[in-house]
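A.B. asks: with the input below, show me the fold.
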Amino acid sequence: MNSAHAAKTRIRQPRFADNMWYSANADTLKARITNYLADPPLQLDPESVLGVVAPHAGHRFSGHVAGAGFANLPSGLVDTVILLGPDHRGAAPGRTSTPAVEMWHTPLGNIPVAWELLDIIKKEVGL
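C.D. replies: You can find the predicted model right below:
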């Protein structure tokens, strides 16, 4: 965490772990994700996969699509995820909007925000 962020850990609570978008129950969520990762329709050579572009809609709408993409990643390869999404509420038109948190809480545990990487990306893109 860089000096621009407060010392107190701020955690973003899950807004859509409501059993409609994705399950709030860790065991149920883990089982669904395991199911989405099973038997992808296309098998790729893991060495040829550079990344995955996946949808962010509710699991019932797009979990199978995201699972098919992530199923082709070698186990343990991913240590950073870059989440890019639309500004659904118009809070930052023409700018980058970032959460004012250090962690995202999920039913499967907390995920730290990579502020150093985010700051580099914002500088390089000019936002």
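A.B. asks: only C-alpha atoms from now on, for both contacts and neighbour counts.
C.D. replies: Noted.
A.B. asks: flag the shaky bits of this protein, pLDDT-wise.
C.D. replies: Across the chain, residues meeting the criterion (pLDDT under 70) sit at 1-7, 94, 96, 126-127.
A.B. asks: where along it do the strands fall?
C.D. replies: Taking DSSP state E as the test, the strands found in the chain are 11-12, 103-106, 109-112.
A.B. asks: dump those into CSV; add mean neighbour count and distance to residue 83 as well.
C.D. replies: Supplementary listing: the strands of the chain in CSV, determined by neighbours: other CA atoms under 10 Å; distance: least, CA to CA, whole Å:
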stretch, mean neighbour count, distance to residue 83
strand 11-12, 16, 15
strand 103-106, 17, 12
strand 109-112, 13, 12
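A.B. asks: okay, those in JSON lines with distance to residue 90 next?
C.D. replies: Compiled in JSON lines, the strands of the chain are given as follows (distance: least, CA to CA, whole Å):
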{"stretch": "strand 11-12", "distance to residue 90": "19"}
{"stretch": "strand 103-106", "distance to residue 90": "21"}
{"stretch": "strand 109-112", "distance to residue 90": "25"}
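A.B. asks: for the ones you listed, which one sits closest to residue 60?
C.D. replies: With distances scored as CA to CA, the stretch of the strands of the chain nearest to residue 60 is strand 103-106 (17.6 Å).
A.B. asks: can you tell me the strand partners of that closest one and which way each runs?
C.D. replies: strand 11-12 (parallel), strand 109-112 (antiparallel) (DSSP bridges).
A.B. asks: so how far is the longest one from its chain's centroid?
C.D. replies: For strand 109-112, the distance between its averaged C-alpha position and the chain's averaged C-alpha position is 11 Å (CA atoms, centre = their mean, to the nearest Å).
A.B. asks: one step back: to residue 46, which of the strands paired with strand 103-106 lies closest?
C.D. replies: The stretch from these with the least distance to residue 46 (CA to CA) is strand 109-112; that distance is 24.6 Å.
A.B. asks: quick one: the helices in the chain?
C.D. replies: Ranges of helices within the chain are 26-37, 59-70, 115-125, based on DSSP state H.
A.B. asks: pick the most buried one from those helices.
C.D. replies: Comparing the helices of the chain by mean neighbour count (mean count of other CA atoms under 10 Å), helix 59-70 comes out on top with a mean of 18.
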